[in-house]
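1. pasting the sequence and the predicted coordinates here, then a few questions.
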Amino acid sequence: MILRLEKHITGSQFSAIQQSLMEIGYKANEVRTQHEHYLIALGKNEFDIRKIGSLPGVADIHQVSDDYQLVSRKWKVNRTMIDLGDGVFVGNGQVAIMAGPCSIENEKQVELTLQHLSDNGVRIMRGGVFKPRSSPYAFRGLGIDGLKMWHQAAKASGIKIISEVMQVSQIAEMHDYVDVFQVGARNTQNFNLLDELGKVDKPVMIKRGISGTIEELLYSAEYVFSAGNEKIILCERGIRTYEKATRNTFDINAIPILKDKSHLPVVADPSHGIGLREFVEPVALAAVIAGADGIIYETHQKPNEAASDGQQTLDFSESARLIKKIRNTFELREGS
């Protein structure tokens, strides 16, 4: 059960609400976010919801049967929209496009990618400066200096940045240079990291775990929300199965299911979802038809020379074609 509290609730009113919840056998958990003040009440006893909802200090009350309460769609009428500033949104009824290389490599690469995105009207660039790699000998990113260089160039181009944070100690140093923190598949259940990202006033995109269920992804989002951050994006990026023909098995089912279960925007990552360059486009378009609020994919001026993930990365001509097809497919979806 979710209680949204009045903004100017008094201490005595708050105590009275807590006492009333205790009397009906419910445990109250206080949550303060950037926007609201909540009590998440957990219990199984039946009671008249009007008894609690009419208490002074309660703005509204919602019965939510899901264990992931705050990210559930069952209590929130309007879907969450993420405002990145300067007219850039995710979940505003359009399809957001986020594109860029797997890894930030050098200044020239950044300049070329930003020009490509600008030419095609894309306002969000993805890229990694801290890279979790299966091999310790693979390229693992330029680190914070690379992020600062990238941020300066992107800001001059009017383009927002999304980049992966791998550990708690990186949050503070990255904070001023990213617009969206990305939690990668390997860190989806790094609960210490999720708790700390709940304390920042920046959007967080959480990718589905390598073998994670839809429910586990929603629980990960609940960690961030319950720690104080309502600016959350969910990302389907494929899961590991017994299939060997592709890098992962992209779960197209997850997109409508996530949108049915949660009010949070849902983004699809076809690059990691299938892992083969020639099939990124059809998977991306399928995700748009399935209802995705955004597509995030990898592009590089010379994919075969990319420091990482070249086999799933589009060149700029392929990327430009995909951008056009994403927008056309979205128009068809909305017109149907």
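-> Perfect, I can see it now.

2. where along the stretch 101-250 of the chain do the helices fall?
-> Secondary structure of the stretch 101-250 of the chain (DSSP state H, counting those that start in this stretch): helices at 107-119, 143-157, 168-174, 191-197, 214-226.

3. give me the buried positions along the fourth one.
-> This points to helix 191-197. 193-197 (16 or more other C-beta atoms under 10 Å). Backbone N, C-alpha and C define where each C-beta goes, glycine included.

4. and what of the second one?
-> Using 16+ other C-beta under 10 Å as the test for burial, helix 143-157 gives 146-151, 153-154, 157.

5. tabulate these (CSV), appending pLDDT and distance to Phe130.
-> Shown next, in CSV, are the buried residues of helix 143-157 (pLDDT from 0 to 100; distance: C-beta to C-beta, whole Å):
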residue, pLDDT, distance to Phe130
Gly146, 94, 9
Leu147, 96, 8
Lys148, 96, 13
Met149, 96, 14
Trp150, 97, 12
His151, 98, 14
Ala153, 98, 18
Ala154, 98, 17
Ser157, 97, 22
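
6. which of the helices of the stretch 101-250 of the chain sits closest to Lys44?
-> helix 214-226 (19.1 Å; C-beta to C-beta).

7. first-to-last residue distance for stretch 163-175?
-> Stretch 163-175 has an end-to-end distance of 11 Å (C-alpha to C-alpha, to the nearest Å).

8. that should have said stretch 205-213, apologies.
-> 17 Å.

9. same question for it, mean pLDDT?
-> On average, the pLDDT along stretch 205-213 is 97.

10. that stretch: how far from the chain's middle?
-> Relative to the chain's own centre, stretch 205-213 is displaced by 11 Å; criterion: C-alpha atoms, centre = their mean, to the nearest Å.

11. residues contacting Ala99?
-> Shown in contact with Ala99 (C-beta atoms under 8 Å, 6 or more residues apart in numbering): 117, 122, 124-126, 296-299, 319, 323.

12. so where's the longest helix in this structure?
-> Identified as the longest helix of the chain according to DSSP state H is helix 316-335.

13. so which elements touch that one?
-> strand 96-100, helix 107-119, helix 277-289, strand 294-298 (3 or more C-beta pairs under 8 Å, 6 or more residues apart in numbering; DSSP states H and E).

14. any idea of the angle that helix forms with helix 107-119?
-> Orientation check (axes from the mean of the first three to the mean of the last three C-alpha atoms, to 10 degrees): helix 316-335 against helix 107-119 gives 30 degrees.

15. circling back: take the helices and strands packed on helix 316-335 and write them to a markdown table, including distance to Met1 and mean pLDDT.
-> Shown next, in a markdown table, are these (distance: least, C-beta to C-beta, whole Å; pLDDT from 0 to 100):
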| stretch | distance to Met1 | mean pLDDT |
| --- | --- | --- |
| strand 96-100 | 33 | 98 |
| helix 107-119 | 44 | 98 |
| helix 277-289 | 34 | 98 |
| strand 294-298 | 31 | 98 |
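
16. adding distance to Val178, write those out as a markdown table.
-> Below are the helices and strands packed on helix 316-335 laid out as a markdown table (distance: least, C-beta to C-beta, whole Å):
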| stretch | distance to Val178 |
| --- | --- |
| strand 96-100 | 13 |
| helix 107-119 | 14 |
| helix 277-289 | 24 |
| strand 294-298 | 14 |
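
17. of all those, which one is nearest Leu332?
-> Nearest of the helices and strands packed on helix 316-335 (C-beta to C-beta): helix 277-289, 8.0 Å.

18. packing partners for the closest one?
-> strand 266-268, helix 270-274, strand 294-298, helix 316-335.

19. where in this protein is pLDDT low?
-> 131-140, 336 (pLDDT under 70).

20. the domain parsing of it - what is it?
-> The record's domain parsing of the chain by automatic domain parsing lists 2-62, 82-335.

21. if we can go back for a sec, ok, and the most crowded of the contacts of Ala99?
-> Thr299 (29 neighbours; other C-beta atoms under 10 Å).

22. in the sheet, who's paired with that one?
-> Taking DSSP bridges as the rule, Thr299 bridges to Leu314.
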